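Q: sequence-free structure coming up:
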């Protein structure tokens, strides 16, 4: 299939705001793709590369975008995918030059519309609303399958190409064959914010309340003496967490898949700042020396597999029992199970006293909803916070002259796939943060509009705020009051950010909850 057809489809999809129309256009395009190009094609429609990061940034591409377009469309989807694969494979001396040459050759063969789509794919600027969740539903529609079955398969394998191929070749039986596999990480289950313990108990009459740690999420797999750990983004991080590997190796089960968190603690067991934990967790070299200075403590809070027992679909109460039989006390997350508001509030207060950021309130009946941010898991923090995406930044003035300061913040709109701006903030930033974010945002720059630098929507920042108010100034009709930067969440991607629906939940009054 000509890549030009994808470019035309992308333009049509971006031109409509209606989800049903986007879905129909995507499904039509997916149904027409040849099987040998299907895997790459669905990734392109979702605005991503099957290869992930390929080592070429906006600065390197700036000159290439001025190349004159081809007069006629000749590129196939496979041609573009091969060029990206070749670019990603470049290593060593001269790699940057070879990457630029490969992409330059690709752009020289592309029409203007194709060039624009290639550019957007490379710099992460797809704005057609065809994000992963919509493409997953389109795969179902294109193959006359139930969306739930396709979504579940994608949650388990986290690979649009594999899911699309299986849906076409084998239908629902093939998708149903996807199951938990050792050393194939699944997307982590996520949580929604809740206003209070009362609000959480209004959702779940009886719930498991656990410490909410300000550490690094890890998923760990074990078979015999082999143990591997994966980050929130599903990257292998085994070498970075020897303490975790040793602890899980000693557990009696032959095969395991566990979900948990690692965190750096002080001598008094209070948590180190998040940045300290990430300084240790992010290191790839000198781990042995740093381990002695800054050890990581492991807390396990969920269990997806024990030996031949698959627990993904089991209620959380059953997974808790499996953990109780498996874990020594030092590895288990502190937890209470209660329907009593006073007891839960006391547990929350004790958690705050220990220095942790809050508690999780979890439904005892819920399965492990991989990749989902549903109401089965609720997070309660001491102050309201949201994880938002940086859309742009403004140059500072006065003492902040020369630094990018005022951040433009956006939340995800799950219905359209767009990012909705909620406001700006320049508060809460240290000089160190200003210097770091200026360098990082300039690396992500896509264009400038006078004093505003627009960036690829990749950076997630945790924003603390007092409340949410109605606003006609911003597209979502809402704005954050007294917003300030708490920290950057380099462990999260834009698709992990909070949604506009979650922001609205802070604005809407909570009904049927005791004051």
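A: On my side now, so go ahead. Owing to the predicted nature of the structure, the values given are computational and were not obtained by experimental measurement. Residues are numbered from 1 along each chain as shown.
Q: can you map out the helices along the stretch 51-200 of the chain?
A: Using DSSP state H, counting those that start in this stretch, the helices of the stretch 51-200 of the chain run over 58-61, 77-88, 95-108, 112-123, 132-142, 147-157, 160-176, 197-203.
Q: list the buried ones in stretch 461-470?
A: Within stretch 461-470, the residues that qualify as buried by neighbour count (16 or more other Cβ atoms under 10 Å) are 461-465, 468. Using the backbone N, CA and C atoms, a C-beta is placed for each residue, glycine as well.
Q: Also stretch 392-400?
A: 392-396, 400.
Q: now stretch 486-501
A: Across stretch 486-501, burial judged by 16+ other Cβ under 10 Å covers 486-489, 491-492, 494, 496-500.
Q: Give me the distance from that stretch to the chain's centre.
A: Centroid separation between stretch 486-501 and its chain, computed with Cα atoms, centre = their mean, to the nearest Å, is 7 Å.
Q: before we move on, what about stretch 374-381?
A: In terms of Cα atoms, centre = their mean, the centre of stretch 374-381 is set 16 Å apart from its chain centre.
Q: Repeat that for stretch 193-212.
A: 23 Å.
Q: follow-up on the earlier one: could you check the helices of the stretch 51-200 of the chain and tell me which one is nearest residue 40?
A: helix 77-88 (3.8 Å; Cβ to Cβ).
Q: Not counting that closest one itself, show me its contacts.
A: By Cβ atoms under 8 Å, 6 or more residues apart in numbering, the surrounding residues in contact with helix 77-88 are 1-3, 6, 33, 36-37, 40-41, 44, 49-56, 99, 102-103, 105-106, 109, 118.
Q: Which ChimeraX command selects the buried ones in those?
A: Restricted to buried positions by 16+ other Cβ under 10 Å, the ChimeraX selection for the contacts of helix 77-88 reads:
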select :1,3,6,33,37,40,41,44,49,50,51,54,56,99,102,103,106,109,118
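Q: Let me see the domain layout of this protein.
A: If you go by automatic domain parsing, the domain ranges for the chain are 3-176, 190-381, 384-507.
Q: Need the distance between the two termini of the shortest one.
A: Using Cα to Cα, to the nearest Å, the end-to-end distance of domain 384-507 comes to 12 Å.
Q: Ok, the first one next?
A: For domain 3-176, the separation between the terminal residues is 31 Å (Cα to Cα).
Q: How far away from the center of its chain is it?
A: 19 Å.
Q: do the longest one as well
A: In terms of Cα atoms, centre = their mean, the centre of domain 190-381 is found 17 Å from the chain centre.
Q: distance of residue 465 from residue 453?
A: Separation of residue 465 from residue 453 (Cβ to Cβ, to the nearest Å): 23 Å.
Q: got it, and residue 284?
A: 30 Å.
Q: can you check residue 181 too?
A: Residue 181 is 43 Å from residue 453, by Cβ to Cβ.
Q: More neighbours: these two, which one.
A: Per other Cβ atoms under 10 Å, whichever of residue 181 and residue 453 has more neighbours is residue 453, with 20 against 13.
Q: how about the more buried one, what does it touch?
A: The neighbours of residue 453, taking Cβ under 8 Å, 6+ apart as the test, are 392-395, 404, 441-442, 445.
Q: What residues of the helix or strand hosting it count as buried?
A: Per DSSP states H and E, residue 453 falls inside strand 452-455. By 16+ other Cβ under 10 Å, the buried positions in strand 452-455 come out as 452-455.
Q: what bits of the chain have low per-residue confidence?
A: 57-59, 125-130, 508-515 (pLDDT under 70).
Q: Specify the residue positioned farthest from the middle of it.
A: residue 71 (39.0 Å; Cα atoms, centre = their mean).
Q: quick one: contacts for that residue?
A: residue 111.
Q: Please determine how far it is located from residue 111.
A: 8 Å.
Q: ditto for residue 156
A: 38 Å.
Q: now the strands for the stretch 351-500 of the chain?
A: 358-363, 373-381, 384-395, 404-412, 419-425, 445-449, 452-455, 460-465, 467-470, 478-481, 484-488 (DSSP state E, counting those that start in this stretch).
Q: which of the helices of the stretch 51-200 of the chain is buried the deepest?
A: Comparing the helices of the stretch 51-200 of the chain by mean neighbour count (mean count of other Cβ atoms under 10 Å), helix 132-142 ranks first with a mean of 23.
Q: and that helix, what other elements does it pack with?
A: With contacts taken as 3 or more Cβ pairs under 8 Å, 6 or more residues apart in numbering; DSSP states H and E, helix 132-142 sits against helix 19-32, helix 35-45, helix 147-157, helix 160-176.
Q: Compare the ones you listed and give me the one nearest residue 437.
A: Nearest of the helices and strands packed on helix 132-142 (Cβ to Cβ): helix 35-45, 29.4 Å.
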